[in-house]
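Enquirer: this one's sequence-less:
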């Protein structure tokens with residue numbers, strides 16, 4: 001698929017993007033992200049690797065549009081860790097009291 005990122009045309013394929021990202025550790029996600037394989041990468045990291053350009057040269061929106069057209073799943077916000085409560089914290093929350101035990 002032909003797309004324009006930072007005013008430069010690129011011919012991208014889904015397999016080509018997956019090959020480029022193979023073995024690259026994902027940076028911490030703080031904004032928009034894209035799922036490639038089983039990993040979630042920041043879109044700026046993906047754009048830098050597939051275009052070989054500085055991250056300041058393109059917007060995350062340009063990369064998101066290209067990734068969506070290729071069939072990747074993009075996310076607007078970082079994944080928030082799911083907080084699990086202990087039984088004491090759950091009971092305390094139901095009763096409306098803090099879940100701390102003090103001697």
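Expert: Done, it's in. Because the structure is predicted, anything quoted here is derived from the model rather than measured.
Enquirer: Give the other helices and strands that the host helix or strand of residue 90 contacts.
Expert: Assignment of secondary structure by DSSP states H and E places residue 90 within helix 87-95. When contacts are defined as 3 or more C-beta pairs under 8 Å, 6 or more residues apart in numbering; DSSP states H and E, helix 87-95 sits against none of the other helices and strands. From N, CA and C alone the C-beta is placed, and that goes for glycine too.
Enquirer: what separates that helix from the chain centre, distance-wise?
Expert: Per C-alpha atoms, centre = their mean, to the nearest Å, the displacement of helix 87-95 from the mean C-alpha position of its chain is 33 Å.
Enquirer: and if you look at stretch 8-27?
Expert: Computed by C-alpha atoms, centre = their mean, the separation of stretch 8-27 from the middle of its chain amounts to 14 Å.
Enquirer: Start and end of it, how far apart?
Expert: From its first residue to its last, stretch 8-27 covers 25 Å (C-alpha to C-alpha, to the nearest Å).
Enquirer: Any figure for the gap between residue 70 and residue 83?
Expert: If you measure residue 70 against residue 83 using C-beta to C-beta, to the nearest Å, the figure is 34 Å.
Enquirer: Looking at the two now, which is surrounded by more residues?
Expert: The neighbour count for residue 70 versus residue 83, taken as other C-beta atoms under 10 Å, is higher for residue 70 (18 against 6).
Enquirer: Isn't that one up against residue 13?
Expert: Yes. Under the criterion of C-beta atoms under 8 Å, residue 70 is in contact with residue 13, at a separation of 7.3 Å.
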